[in-house]
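S.K.: Make a model of this:
(4 chains)
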2 protein chains.
Amino acid sequence: MQSLVYDLPMSRRTALHGPRCPITFALDIFGDKWSLIILRDMVFKGKRHYREFLASAEKISTNILASRLKRLEAEGLISKARDTKNQSKFVYSLTGKGEALLPVMLELIRWSAKYDPQTGISDNIVNGAPAQLLERLDEDRDALIEEILRG
Amino acid sequence: MQSLVYDLPMSRRTALHGPRCPITFALDIFGDKWSLIILRDMVFKGKRHYREFLASAEKISTNILASRLKRLEAEGLISKARDTKNQSKFVYSLTGKGEALLPVMLELIRWSAKYDPQTGISDNIVNGAPAQLLERLDEDRDALIEEILRG
DNA sequence: CCGGATCCGTTTCGATACTG
DNA sequence: CAGTATCGAAACGGATCCGG
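M.R.: Now for the predicted structure:
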């Protein structure tokens, strides 16, 4: 049985009412594998539709996907709208708050590139190889961010 | 019954053997609430002992803490040693790989500061208020990182 | 005391089937 | 197409026990 707060995670239900340590706020997102995967797919793979999220290599199941989309929307990180091209589809897109997570993800990529031998030299990310992306991250970070978000 | 791979997370057990999308590598850490809490406490609260981790506001339980410490050690993010002051205690500390996550966390803090009204203006983090920390993050980031890790 | 391991009731997840 | 419903499996949380 889904409760009134349906799928709101524990850290929100028991939220303290005072200032709290940094990072804590982000635990609901960066502390949940599936939320991260969805955000990754939106940012780096340009996914916008339910079907596309289902197709990730990590094989998210339909109920979990639905719950996370709902949660991300409730958190104000994504928004949902009908597809103007196809009235029977929905389009999910990042809000400003969601887009603002890109710098975090880029630092995560920098870290992965350094310590994960499998994070792919041959795996294209945006419009170039990760190696290029990392160079640009050092040199013109703001332009890179703009480019990833706007295409 | 703990298996041979004790608590190795799913994303590792089913790891693909080829280049993969960025972020994916980090899912075992950034994708697990408890691992993140432990890292947060080590970096921003200077915790080093089992007892200290247990005392977090999130109330991690002993079995979960033990499993995550083991996992973080297996991932090479932390190391474990006997406390020279007290032979019956252990000291956990960040490895280089673990310390290298600090830039990610700092971006997370920047994000939280912008969108979470509760991330505390009055909550001291290192040796000053978050407001100061954010200023320094813009101005002399590298020195700030050094100070957090060594200071 | 310290750092867990073990047991066990409860919660959450995940795969599949099904529906508006 | 975009989700619910269901139900077994896994993870969690709390209490307790145990070797050093």
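S.K.: Can you list phi and psi of the residue nearest to residue A:25 when sequence neighbours are not counted for me?
M.R.: Counting by C-beta to C-beta, 6 or more residues apart in numbering or on different chains, residue B:116 is the residue found nearest to residue A:25 once chain neighbours are left out, at 3.8 Å. C-beta here means a position set from N, CA and C on the backbone, and glycine is covered the same way. Here is the backbone geometry of residue B:116 (degrees, to the nearest 10): phi -110, psi 110.
S.K.: Where does pLDDT dip in chain A?
M.R.: A:1-19, A:119-129 (pLDDT under 70).
S.K.: Ramachandran angles for residue A:78?
M.R.: phi -130, psi 160.
S.K.: What distance do you get for it to residue B:147?
M.R.: 36 Å (C-beta to C-beta, to the nearest Å).
S.K.: and those two? which has more neighbours close in?
M.R.: residue A:78 (23 against 13; other C-beta atoms under 10 Å in any protein chain shown).
S.K.: Chain neighbours aside, what residue packs nearest to that one?
M.R.: residue A:72 (4.6 Å).
S.K.: Report whether the expected contact of that neighbour with residue A:34 is present.
M.R.: No: if you go by C-beta atoms under 8 Å, residue A:72 and residue A:34 don't touch, sitting 9.6 Å apart.
S.K.: So these two - more neighbours on which side?
M.R.: residue A:72 (25 against 21).
S.K.: which ones are touching the more buried one?
M.R.: A:29, A:35, A:38, A:39, A:78, A:98 (C-beta atoms under 8 Å, 6 or more residues apart in numbering or on different chains).
S.K.: What does the residue nearest to residue A:78 show for phi and psi?
M.R.: Dihedral angles (degrees, to the nearest 10) for residue A:72: phi -60, psi -30.
S.K.: For stretch A:23-33, list every residue counted as buried.
M.R.: In terms of neighbour count (16 or more other C-beta atoms under 10 Å in any protein chain shown), stretch A:23-33 has its buried residues at A:23, A:24, A:25, A:26, A:27, A:28, A:29, A:30, A:31, A:32, A:33.
S.K.: Check whether it comes near DNA strand C.
M.R.: Yes: Stretch A:23-33 comes into contact with DNA strand C (C-beta under 7 Å from any atom of the strand), by way of A:32, A:33.
S.K.: Compute the inter-axis angle for the helix or strand encompassing residue A:110 and helix B:102-115.
M.R.: Following DSSP states H and E, one finds residue A:110 within helix A:102-115. Interaxial angle, helix A:102-115 versus helix B:102-115 (axes from the mean of the first three to the mean of the last three C-alpha atoms, to 10 degrees): 170 degrees.
S.K.: Would you map the helices across chain A?
M.R.: Using DSSP state H, the helices of chain A run over residues A:10-13, A:33-45, A:50-54, A:62-74, A:96-99, A:102-115, A:130-139, A:141-150.
S.K.: Relative to residue B:47, which of those is closest?
M.R.: helix A:10-13 (18.7 Å; C-beta to C-beta).
S.K.: so what's the spatially most central residue of chain A closest to, chain neighbours aside?
M.R.: What sits nearest the mean C-alpha location of chain A, by C-alpha atoms, centre = their mean, is residue A:39, with 1.3 Å. Nearest residue to residue A:39 in three dimensions, chain neighbours excluded: residue A:101, at 6.5 Å (C-beta to C-beta, 6+ apart).
S.K.: Could you double-check that the one you found sits in contact with residue A:76?
M.R.: No: shown here, residue A:101 and residue A:76 do not form a contact pair, counting by C-beta under 8 Å, at 11.7 Å.
S.K.: higher neighbour count, these two?
M.R.: Taking neighbours as other C-beta under 10 Å, residue A:101 and residue A:76 compare with residue A:101 leading, 22 against 12.
S.K.: Pull the distance from the helix holding residue A:110 to the chain's centre.
M.R.: 13 Å (C-alpha atoms, centre = their mean, to the nearest Å).
S.K.: Output it as CSV - backbone C-alpha positions only.
M.R.: Output of helix A:102-115 as CSV, limited to C-alpha atoms (Å, rounded to 0.1, in the frame of the first residue of the first chain):
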residue,chain,number,x,y,z
LEU,A,102,25.6,18.9,-13.8
PRO,A,103,28.7,20.3,-12.1
VAL,A,104,28.5,17.5,-9.6
MET,A,105,28.2,15.0,-12.3
LEU,A,106,31.1,16.4,-14.1
GLU,A,107,33.3,16.1,-11.1
LEU,A,108,32.1,12.6,-10.7
ILE,A,109,33.2,11.9,-14.3
ARG,A,110,36.6,13.4,-13.6
TRP,A,111,36.9,11.1,-10.7
SER,A,112,35.7,8.0,-12.6
ALA,A,113,38.1,8.8,-15.4
LYS,A,114,40.9,8.7,-13.0
TYR,A,115,40.1,5.6,-11.1
